[in-house]
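Student: Give me coordinates for this.
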Amino acid sequence: MLTILAVSFVFLTVIGVPIAFAIIIGSMLALLLGGNVSPLIIPQRIFAGMDNFSLLAIPFFLFTGALMSVGGLSDRLIRLANALVGRFRGGLAISNVLASVLFGGISGSAVADTSALGRVFIPAMVRSGYSPAFSVAVTACSAPLSPLIPPSIAWILYGYLTDTSIMRLFIAAIIPSLLWATAMIFVVVWKARHCKMRAEPSAPLKEVLAATRAAGFALLLPVIILVGIRMGVFTVTEAAAIAVLYAIGVGFIYREVNLATLAASLRNTIQSTAVVMIIIGAAGLFSWVLAYTKTPETVAAWILSVADTPIAFLLLVNLVLLILGTFMEVNAAKIMVLPILFPVAQKLGVDPVHFGVIVTANLCLGLLTPPVGIVLALACRIGNVPLEKGFLASLPFFFTGVVVVLILTLVPELSLWLPNLVLGTP
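Tutor: Numbers count the residues shown, from 1 in each chain. Here you go, the predicted structure:
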């Protein structure tokens with residue numbers, strides 16, 4: 001049965017079938033041809049995979065990000081980033097990274113980050129004398145910060161798939177995402193000095209304060225969500241619904257949200273939610289097939305035979321995920337690997353929160369690597385730069401990201417210290 005699933009999955013993905021549908025069709029063929037199982041189990045497991053109250057947070061957070069994007073807050077965040085760091089050499093590139101940090105706490109999507117910020121920053125950087133390839137590389141390589149910065153779909157999905165506290169994951173992601181952002185800025189500073197890039201005129205204090213005030217509503221949203229959940233005012237799902245009301249209110253305050261933009265945001269949210277939920281439904285079916293065939297136990301025994309310590313296991317996971325991320329989307333890759341790798345991590349005593357940070361950070365790197373590399377491809381299309389040139393320009397950022405992932409792997413306190421401080425040791 002497992003052979004039929006594997007062959008079907010590989011064939012379907014090679015001919016261009018989306019990952020989620022390849023999983024579903026491959027599982028169907030495996031069950032129908034290789035096992036004495038009723039076909040009724042297929043829709044049952046798909047719907048069972050989506051039948052979870054915490055998953056309601058996904059459409060709400062997606063709707064919040066869409067509303068914030070059309071509500072003018074992305075422009076205000078860009079203005080704030082430019083006011084803060086534009087004065088430094090390579091300041092516009094640093095501003096690009098900082099804007100991704102600020103925008104990531106709202107959208108939680110690397111694709112949305114690239115689309116919204118890339119259309120502003122890439123042309124602006126080119127006009128300021130930066131090379132098109134470098135402009136694309138900075139935009140693409142800072143975009144993976146969005147799935148890392150809470151709240152985001154990546155953490156909700158991991159928490160759901162592994163039954164890990166989503167709030168603890170949100171807090172655990174803060175230091176790793178800031179470390180990644182700092183590393184990206186260091187690369188920009190090094191390139192700026194090496195290539196003698198220009199600096200923008202210093203913004204007066206009055207302009208900085210005005211930009212901060214204009215972006216204040218956007219900056220408050222992640223704080224309200226995290227503090228509200230921590231204080232027990234609302235759950236993660238309730239926080240997502242409150243975030244929607246907050247985003248609508250802010251949009252009307254700025255007078256940039258109307259019925260037309262609301263309808264457009266709702267349409268985009270429905271489309272994005274459908275994609276995510278199909279993936280989650282496929283995860284339910286795929287996990288059941290793996291359990292039915294006892295695949296996790298077999299793979300776990302093999303992994304433990306070659307990597308019998310936590311560090312050796314995590315280094316092996318890094319290598320596997322780095323390769324897997326080159327041709328699979330983040331959430332789809334989690335569906336494939338977590339049912340197999342997570343039980344092994346538990347056997348070896350790896351903290352589930354630390355493991356979540358490693359898995360998510362690794363798969364975020366895959367957003368930059370061909371042949372899929374959806375974020376890099378989107379940035380190259382926006383900047384009208386050939387993919388190979390964009391990839392070569394992104395290599396310093398990519399290898400820096402690999403170093404960050406290794407640091408997070410070897411120093412679990414970077415992921416665990418803050419959630420243990422705020423929430424206590426589990």
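
Student: The residue nearest the centre of the chain and Thr212: what is the separation?
Tutor: Most central residue of the chain, judged by C-alpha distance to the mean C-alpha position with C-alpha atoms, centre = their mean, is Pro147 at 2.2 Å. Using C-beta to C-beta, to the nearest Å, Pro147 is found at 26 Å from Thr212. No exception for glycine: its C-beta is placed from N, CA and C like everyone else's.

Student: rewinding a little: look at the residue nearest to the centre of the chain and give its secondary structure.
Tutor: For Pro147, the secondary structure call by DSSP: H, G, I helix; E, B strand; the rest coil comes out as helix.

Student: these two touch, right, it and Ser109?
Tutor: Yes. Counting by C-beta atoms under 8 Å, Pro147 does reach Ser109; the two are 7.1 Å apart.

Student: which residues do those two both contact?
Tutor: In terms of C-beta atoms under 8 Å, 6 or more residues apart in numbering, Pro147 and Ser109 are both contacted by the residues Ile153.

Student: Sketch out the low-pLDDT regions of the stretch 201-350 of the chain for me.
Tutor: Low-confidence segments of the stretch 201-350 of the chain, defined by pLDDT under 70, span residues 201-202, 327-329.

Student: just the helices in it please.
Tutor: In the stretch 201-350 of the chain, the helices defined using DSSP state H, counting those that start in this stretch lie at 205-214, 216-230, 236-253, 259-292, 295-306, 310-324, 330-347.

Student: Leu169 is nearest to which of these?
Tutor: Comparing these by their distance to Leu169 (C-beta to C-beta), the top pick is helix 236-253, with 9.8 Å.

Student: What is the closest one packed up against?
Tutor: For helix 236-253, the helices and strands in contact under the criterion 3 or more C-beta pairs under 8 Å, 6 or more residues apart in numbering; DSSP states H and E are helix 57-70, helix 166-172, helix 216-230.

Student: between these, which one is nearest to Val337?
Tutor: helix 166-172 (16.8 Å).

Student: tell me what the helix or strand just after the closest one is packed against?
Tutor: Remark: after helix 166-172, the chain's next helix or strand is helix 174-195, criterion DSSP states H and E. Other helices and strands packing on helix 174-195, by 3+ C-beta pairs under 8 Å, 6+ apart, are helix 91-107, helix 132-142, helix 145-148, helix 352-365, helix 387-410, helix 413-423.

Student: Return the distance of helix 174-195 from the chain's centre.
Tutor: 18 Å (C-alpha atoms, centre = their mean, to the nearest Å).

Student: what's the average pLDDT for it?
Tutor: Averaging pLDDT along helix 174-195 yields 89.

Student: Likewise for stretch 148-157?
Tutor: 83.

Student: Just the residues contacting it, thanks.
Tutor: The set of residues external to stretch 148-157 that reach it, using C-beta under 8 Å, 6+ apart, is 54-55, 57-58, 61-62, 101, 104-105, 108-109, 146-147, 166, 169-171, 173-174, 176-177, 180, 222, 225-226, 236, 239-240, 243, 276, 280, 330-331, 334, 356, 360-361, 364.

Student: re the thing from before, look at the nearest residue to the residue nearest to the centre of the chain once chain neighbours are set aside and give its secondary structure.
Tutor: Spatial nearest neighbour of Pro147, chain neighbours left out: Ala154 (4.1 Å); criterion: C-beta to C-beta, 6 or more residues apart in numbering. Three states are possible here, and by three-state DSSP the one that applies to Ala154 is helix.

Student: And for the one 4 residues further on?
Tutor: Reducing the assignment at Tyr158 to three states with three-state DSSP gives helix.

Student: pretty sure it is touching Ser165, no?
Tutor: No. Between Tyr158 and Ser165 there is no contact, the gap being 10.7 Å when judged by C-beta under 8 Å.

Student: Just want to know which of these two has more residues nearby.
Tutor: Tyr158 (23 against 16; other C-beta atoms under 10 Å).

Student: give the contact list for the more buried one.
Tutor: By C-beta under 8 Å, 6+ apart, the contact set of Tyr158 is 164, 169, 334, 338, 356, 359-360.

Student: Could you report the distance from it to Ala110?
Tutor: Taking C-beta to C-beta, one finds Tyr158 at 16 Å from Ala110.

Student: Mind giving me the ChimeraX select for the contacts of stretch 148-157, buried ones only?
Tutor: Below is the selection syntax for ChimeraX that covers the buried ones among the contacts of stretch 148-157, with 16 or more other C-beta atoms under 10 Å defining burial:
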select :55,57,58,61,62,101,104,105,108,109,146,147,166,169,170,171,173,174,176,177,180,222,225,226,236,239,240,243,276,280,330,331,334,356,360,361,364
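
Student: Phi, psi for Arg89 please.
Tutor: phi -60, psi 130 (degrees, to the nearest 10).

Student: what's around it, how many residues?
Tutor: The number of residues packed near Arg89 is 17, by other C-beta under 10 Å.

Student: Check Leu418 too.
Tutor: The criterion is other C-beta under 10 Å. On that basis, Leu418 has 17 neighbouring residues.

Student: Can you give me the distance of it to Leu80?
Tutor: In this view, Leu418 and Leu80 are 25 Å apart by C-beta to C-beta.

Student: Also Arg381?
Tutor: Distance of Arg381 to Leu80, given as C-beta to C-beta: 27 Å.

Student: Understood, closing this out.
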